[in-house]
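**Student:** Next input, structure requested:
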Amino acid sequence: MKKYIGVLCIGLLALGCTKQDLVLDVKALANQSKREVHHLLGQPDSIYITPILHKKVYTELYFSEKYQVELLYSSDTTVNEIKVNNPVGLPFAPSALAKFGLPSDVKPTKQEENLTIIWNDLEGFKRVNIFTQRLDSTGKPEKYTIYFRVQ
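**Tutor:** Got it, this is the predicted structure:
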(Lines give C-alpha, C1' and ligand atoms only; values in the text may rest on other atoms or scores of the structure.)
Protein backbone atom coordinates (compact mmCIF):
# COMPACT_ATOMS: atom_id res chain seq x y z
CA MET A 1 0.00 0.00 0.00
CA LYS A 2 2.95 2.36 0.60
CA LYS A 3 3.95 2.30 -3.07
CA TYR A 4 0.30 2.85 -3.96
CA ILE A 5 0.32 6.08 -1.99
CA GLY A 6 3.43 7.15 -3.90
CA VAL A 7 1.67 6.75 -7.25
CA LEU A 8 -1.66 8.20 -6.16
CA CYS A 9 -2.00 11.72 -4.88
CA ILE A 10 -4.29 10.88 -1.96
CA GLY A 11 -4.24 14.33 -0.46
CA LEU A 12 -5.02 15.93 -3.81
CA LEU A 13 -6.73 18.96 -2.34
CA ALA A 14 -5.48 18.85 1.24
CA LEU A 15 -1.84 18.78 0.20
CA GLY A 16 -2.27 21.43 -2.48
CA CYS A 17 -1.20 19.22 -5.39
CA THR A 18 -0.70 21.10 -8.60
CA LYS A 19 -2.53 20.34 -11.82
CA GLN A 20 0.54 18.51 -13.07
CA ASP A 21 0.38 15.94 -10.25
CA LEU A 22 -1.13 12.66 -11.28
CA VAL A 23 -3.87 10.87 -9.39
CA LEU A 24 -3.01 7.68 -11.24
CA ASP A 25 -0.68 7.10 -14.20
CA VAL A 26 -2.97 4.89 -16.26
CA LYS A 27 -0.41 4.50 -19.06
CA ALA A 28 2.03 2.93 -16.59
CA LEU A 29 -0.60 0.35 -15.57
CA ALA A 30 -1.96 -0.52 -19.02
CA ASN A 31 -1.11 -4.06 -20.16
CA GLN A 32 0.95 -4.74 -17.02
CA SER A 33 1.02 -8.08 -15.23
CA LYS A 34 -0.16 -8.46 -11.64
CA ARG A 35 3.45 -8.64 -10.53
CA GLU A 36 4.31 -5.37 -12.29
CA VAL A 37 1.20 -3.69 -10.90
CA HIS A 38 2.03 -4.85 -7.36
CA HIS A 39 5.51 -3.40 -7.78
CA LEU A 40 3.95 -0.02 -8.72
CA LEU A 41 0.97 0.08 -6.36
CA GLY A 42 1.66 -2.48 -3.67
CA GLN A 43 -0.75 -5.26 -2.71
CA PRO A 44 -4.44 -4.69 -3.48
CA ASP A 45 -6.95 -4.11 -0.70
CA SER A 46 -9.34 -6.66 -2.20
CA ILE A 47 -9.37 -9.28 -4.97
CA TYR A 48 -12.27 -11.06 -6.63
CA ILE A 49 -13.15 -13.02 -9.76
CA THR A 50 -16.36 -12.37 -11.69
CA PRO A 51 -17.74 -14.40 -14.59
CA ILE A 52 -18.52 -12.03 -17.47
CA LEU A 53 -19.71 -13.41 -20.81
CA HIS A 54 -18.50 -16.91 -19.91
CA LYS A 55 -15.03 -15.63 -18.99
CA LYS A 56 -13.53 -15.20 -15.55
CA VAL A 57 -12.43 -11.62 -14.95
CA TYR A 58 -9.81 -11.17 -12.23
CA THR A 59 -10.21 -7.84 -10.45
CA GLU A 60 -8.05 -6.05 -7.90
CA LEU A 61 -9.33 -3.15 -5.80
CA TYR A 62 -7.27 -0.35 -4.28
CA PHE A 63 -8.94 2.08 -1.88
CA SER A 64 -8.06 5.59 -0.81
CA GLU A 65 -9.96 8.35 0.96
CA LYS A 66 -10.66 10.08 -2.36
CA TYR A 67 -11.61 7.21 -4.71
CA GLN A 68 -11.53 3.50 -5.44
CA VAL A 69 -9.43 2.00 -8.25
CA GLU A 70 -10.44 -1.27 -9.93
CA LEU A 71 -7.97 -3.07 -12.18
CA LEU A 72 -9.51 -5.73 -14.41
CA TYR A 73 -7.20 -8.33 -15.93
CA SER A 74 -7.76 -10.14 -19.21
CA SER A 75 -7.44 -13.89 -18.82
CA ASP A 76 -5.86 -13.30 -15.41
CA THR A 77 -2.67 -11.97 -17.03
CA THR A 78 -2.55 -8.24 -17.85
CA VAL A 79 -4.51 -5.10 -16.98
CA ASN A 80 -6.95 -4.32 -19.75
CA GLU A 81 -9.47 -2.15 -17.90
CA ILE A 82 -9.03 0.49 -15.22
CA LYS A 83 -11.93 2.06 -13.35
CA VAL A 84 -11.68 4.95 -10.93
CA ASN A 85 -14.89 5.14 -8.92
CA ASN A 86 -16.20 8.29 -7.24
CA PRO A 87 -13.10 10.49 -7.61
CA VAL A 88 -13.60 13.20 -4.99
CA GLY A 89 -12.19 16.57 -6.00
CA LEU A 90 -12.01 15.87 -9.73
CA PRO A 91 -14.42 17.56 -12.12
CA PHE A 92 -16.91 15.68 -14.27
CA ALA A 93 -15.20 17.20 -17.30
CA PRO A 94 -12.47 16.48 -19.89
CA SER A 95 -10.00 18.37 -17.69
CA ALA A 96 -10.03 15.39 -15.27
CA LEU A 97 -8.02 13.35 -17.80
CA ALA A 98 -4.88 15.37 -17.06
CA LYS A 99 -4.81 13.82 -13.57
CA PHE A 100 -4.39 10.42 -15.23
CA GLY A 101 -1.56 11.40 -17.59
CA LEU A 102 -3.79 11.84 -20.64
CA PRO A 103 -4.41 14.98 -22.70
CA SER A 104 -7.45 16.95 -21.57
CA ASP A 105 -7.65 19.11 -24.68
CA VAL A 106 -8.78 16.36 -27.08
CA LYS A 107 -12.39 16.77 -28.20
CA PRO A 108 -14.60 13.91 -26.93
CA THR A 109 -16.08 11.47 -29.44
CA LYS A 110 -19.42 11.83 -27.65
CA GLN A 111 -20.66 13.97 -24.80
CA GLU A 112 -24.03 14.11 -23.04
CA GLU A 113 -24.19 16.80 -20.40
CA ASN A 114 -23.92 15.42 -16.86
CA LEU A 115 -24.27 11.81 -18.12
CA THR A 116 -21.23 10.70 -20.11
CA ILE A 117 -18.08 11.89 -21.88
CA ILE A 118 -16.45 9.39 -24.26
CA TRP A 119 -13.16 9.34 -26.18
CA ASN A 120 -12.23 6.59 -28.63
CA ASP A 121 -8.58 5.75 -29.42
CA LEU A 122 -6.95 8.10 -26.95
CA GLU A 123 -3.22 7.65 -26.22
CA GLY A 124 -3.17 3.84 -26.24
CA PHE A 125 -6.67 3.43 -24.85
CA LYS A 126 -9.45 2.00 -27.00
CA ARG A 127 -12.01 3.92 -24.95
CA VAL A 128 -12.01 6.42 -22.12
CA ASN A 129 -15.36 7.17 -20.56
CA ILE A 130 -16.48 9.39 -17.71
CA PHE A 131 -19.99 8.32 -16.78
CA THR A 132 -22.53 9.17 -14.12
CA GLN A 133 -23.60 6.62 -11.53
CA ARG A 134 -26.00 8.95 -9.72
CA LEU A 135 -27.23 12.53 -10.17
CA ASP A 136 -27.97 14.88 -7.29
CA SER A 137 -31.28 16.73 -6.87
CA THR A 138 -30.10 19.50 -9.25
CA GLY A 139 -29.21 17.05 -12.03
CA LYS A 140 -25.44 17.29 -11.54
CA PRO A 141 -23.23 14.17 -11.20
CA GLU A 142 -23.01 13.14 -7.56
CA LYS A 143 -21.18 9.85 -8.14
CA TYR A 144 -19.35 8.90 -11.29
CA THR A 145 -16.70 6.59 -12.73
CA ILE A 146 -13.75 7.21 -15.02
CA TYR A 147 -13.17 4.14 -17.20
CA PHE A 148 -10.09 3.31 -19.28
CA ARG A 149 -10.18 0.39 -21.78
CA VAL A 150 -6.70 -0.56 -22.95
CA GLN A 151 -6.10 -1.16 -26.71
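
**Student:** And the helices in this protein, which stretches?
**Tutor:** Under the criterion DSSP state H, helices of the chain are mapped to 2-7, 26-29, 34-41.

**Student:** Give the other helices and strands that the second one contacts.
**Tutor:** Looking back up the chat, that one is helix 26-29. Secondary structure elements in contact with helix 26-29, counted by 3 or more CB pairs under 8 Å, 6 or more residues apart in numbering; DSSP states H and E, are helix 34-41, strand 78-85. The C-beta positions use only the backbone N, C-alpha and C, and glycine is treated the same way.

**Student:** which residues touch that helix?
**Tutor:** Contacts to helix 26-29, defined as CB atoms under 8 Å, 6 or more residues apart in numbering, come from residues 7, 37, 40-41, 71, 79, 82, 100-102, 123-125, 148.

**Student:** farthest pair in those residues?
**Tutor:** For the contacts of helix 26-29, the maximum inter-member distance is 20.2 Å, found between Leu41 and Glu123 (CB to CB).

**Student:** Among those two, which residue is more densely surrounded?
**Tutor:** Shown here are Leu41 and Glu123; by other CB atoms under 10 Å, Leu41 has more neighbours (24 against 17).

**Student:** I'd assumed Tyr62 was in contact with the more buried one.
**Tutor:** Yes: between Leu41 and Tyr62 a contact is recorded at 6.0 Å, counting by CB atoms under 8 Å.

**Student:** coming back round to it: the helices of the chain: lowest mean pLDDT?
**Tutor:** Lowest mean pLDDT within the helices of the chain: helix 2-7, a mean of 42.

**Student:** Run a quick neighbour tally on Tyr58.
**Tutor:** For Tyr58, the count of nearby residues is 17 (other CB under 10 Å).

**Student:** ugh, typo on my part, it should be Leu22
**Tutor:** Residue neighbour count, defined by other CB under 10 Å, stands at 18 for Leu22.

**Student:** contacting residues for the closest residue to it other than its chain neighbours?
**Tutor:** Spatial nearest neighbour of Leu22, excluding adjacent residues (CB to CB, 6 or more residues apart in numbering): Gly101 at 5.5 Å. Residues near Gly101 by CB under 8 Å, 6+ apart: 22, 24-28.

**Student:** Distance to Val57 added to the residues you listed, as CSV?
**Tutor:** Output for those, formatted as CSV (distance: CB to CB, whole Å):
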residue, distance to Val57
Leu22, 26
Leu24, 20
Asp25, 23
Val26, 18
Lys27, 22
Ala28, 21
